[in-house]
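> Kindly generate the corresponding structure for this input.
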Amino acid sequence: AWLAPWLAALGPGCGAPAEGRTGDADPTADAATEAARVAPRDTATLEGRAVRLAGLETAAVESRPWRDGWSLPARLTVDPAATHTLGAFVEGRVQQVLVRPGDRVRAGQVLVTLHSHEMSDARAALGRARALVAGAAEEARLTELEAGRAERLHALRALSVADLERARSAAVQARARHAAAAAELERARDFVEHLVGRGARPSGVDDHDVLVRSPIAGTVVGRDALPGAVVLPGAPLVAVSRLGTLALRIPVPERALAAATVVGPVRFTVPAWPGRTFTARITHVAPVIDSLTRTVEVLATVAADGGALRAEMYATAELEGSAGAPTLVVPAEAVQLLEGDTVVVAARPVVPGAGGAGAAGGGALRLEAVRVRVGRRTAGAVELLEALPPGTRVVARGAAIAKAELLKRRGGG
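Here you go, the predicted model:
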């Protein structure tokens, strides 16, 4: 009799009493056999209330094209297409820096003033050009009068043709010199305007200061200029950006380049907002590979985020490759290790009143651990090589809790 439970567990083929056998059959063994048939080892039934408390959610096994996935470090930056880094366009000394990072500025607003000999030279050149124009205009006026007088004298036969031609030539040359002087004056004015820009001049600014103005309305995102510092042409002073959009910079390894396609989607997360996923769309893929890191810089424009993100945040980006052949796929969180076996927890709704499960109805689930063989993996999906047919529901969210429930049943708890 003490062997009956063991024989019952092994099944009728190993010596358990067969159905209908009489004689010395043990009723205890029959009950154990029936219990094993009704409730296999790695199964459990959770009432609806328990399912809700555990937060279990199911997903279907899908047959769909496989996409390789890559989880890559990334960084949020201001949008390069909407950012202007303003540099010194003359040599000089920084006089005033009128803004700080975070200040909102309007187009044409003066941000930095520079004291430079270039402005002194430009003012002097403008004065000379004005004088030349005045002299050329007077010369042209006089030669025009001489030419008119020569015309009248020639008509009265009091002036030779040669003298008339010389008067006409002098008038033409005077007009040409006046046009050249006017062009020089225009160039001098443009250069002065280039150095001071168009718009209001802040109070306290010297006429000989070079003014650096913002080309756009935006926010100051960087400041390198320091009052008193001597700068050379091209030295960065301030950066202004329109902060409506951010860019996600992703260094993509050479082997993952196929996943970085222009206009492709990108999902990413940031440490500041755990559990929240943001989206972006790839807009630029660098045409060359960095020879040191063997990566390609990819830029993606971040979708509207409600102001949660900031430039220079670190992020983790998820890229998906091109579609391959169809295969069975389950969410990555659905795959668990159960005492050395790779399993997914299949979930089947319990119909109230069926099989005596009336109390377990109202969202109750019948859980069963199913051993599987897995193939490729990404951050969000796992390929199944066999076992479950498409459409089978498996526990995705809360799979670890479901596994713990099965382990408790396995341990006899």
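> alpha carbons only for contacts and neighbour counts from here, please
Fine.
> isn't residue 400 right up against residue 336?
Yes: with contact defined as Cα atoms under 8 Å, residue 400 reaches residue 336; the gap is 7.1 Å.
> for the stretch 201-350 of the chain, which spans come out with low pLDDT?
For the stretch 201-350 of the chain, applying pLDDT under 70 flags the ranges 322.
> Tell me where the stretch 101-250 of the chain has strands.
104-105, 110-115, 209-213, 218-223, 230-231, 236-241, 246-253 (DSSP state E, counting those that start in this stretch).
> So which of those strands is nearest residue 185?
When the strands of the stretch 101-250 of the chain are compared by Cα to Cα, strand 209-213 sits nearest residue 185, at 19.4 Å.
> Note down every partner strand of that closest one and its orientation.
Next to strand 209-213 in the sheet, as set by DSSP bridges, lie strand 110-115 (antiparallel).
> Got phi/psi on residue 262?
phi -60, psi 140 (degrees, to the nearest 10).
> Number of residues surrounding it?
Using other Cα atoms under 10 Å, residue 262 has 14 neighbouring residues.
> Show me the beta-bridge partners of the residue most central in space within the chain.
Nearest to the mean C-alpha position of the chain, counting by Cα atoms, centre = their mean, stands residue 248 at 2.7 Å. Counting by DSSP bridges, residue 248 is bridged to residue 76, residue 300.
> Then residue 211?
residue 113.
> my guess is it contacts residue 109, does it?
No: if you go by Cα under 8 Å, residue 211 and residue 109 don't touch, sitting 9.5 Å apart.
> Pick out whichever of those two has more residues nearby.
Set side by side, residue 211 and residue 109 show more neighbours around residue 211, with 28 against 21, by other Cα under 10 Å.
> Which residues lie in contact with that one in this structure?
110-114, 195-197 (Cα atoms under 8 Å, 6 or more residues apart in numbering).
> How much space separates it from residue 326?
63 Å (Cα to Cα, to the nearest Å).
> same thing with residue 190?
According to Cα to Cα, residue 190 stands 65 Å off from residue 326.
> hey, where'd the strands end up in the stretch 251-400 of the chain?
All strands of the stretch 251-400 of the chain, identified by DSSP E, counting those that start in this stretch, fall at 265-269, 278-285, 295-302, 314-320, 326-331, 335-338, 341-349, 365-371, 374-377, 381-384, 393-397.
> Ok, which of those strands comes nearest residue 172?
strand 278-285 (57.4 Å).
> What is the closest one packed up against?
strand 265-269, strand 295-302 (3 or more Cα pairs under 8 Å, 6 or more residues apart in numbering; DSSP states H and E).
> returning to what we had before: name the residue in residue 190 and residue 326 with the higher neighbour count.
Neighbour count, other Cα under 10 Å: between residue 190 and residue 326, residue 190 has more, with 15 against 12.
> for residue 270, what are its contacts?
Going by Cα under 8 Å, 6+ apart, the list of residues near residue 270 reads 276, 313-316.
> cutoff 6 Å now
The contact partners of residue 270, by Cα atoms under 6 Å, 6 or more residues apart in numbering, come to residue 315.
> quick one: it and residue 401, what's the gap?
26 Å.
> and residue 50, backbone torsions?
phi -70, psi -40.
> returning to what we had before: any chance of the strands of the stretch 101-250 of the chain in CSV, plus distance to residue 344?
Below are those laid out as CSV (distance: least, Cα to Cα, whole Å):
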stretch, distance to residue 344
strand 104-105, 54
strand 110-115, 62
strand 209-213, 63
strand 218-223, 49
strand 230-231, 65
strand 236-241, 49
strand 246-253, 32
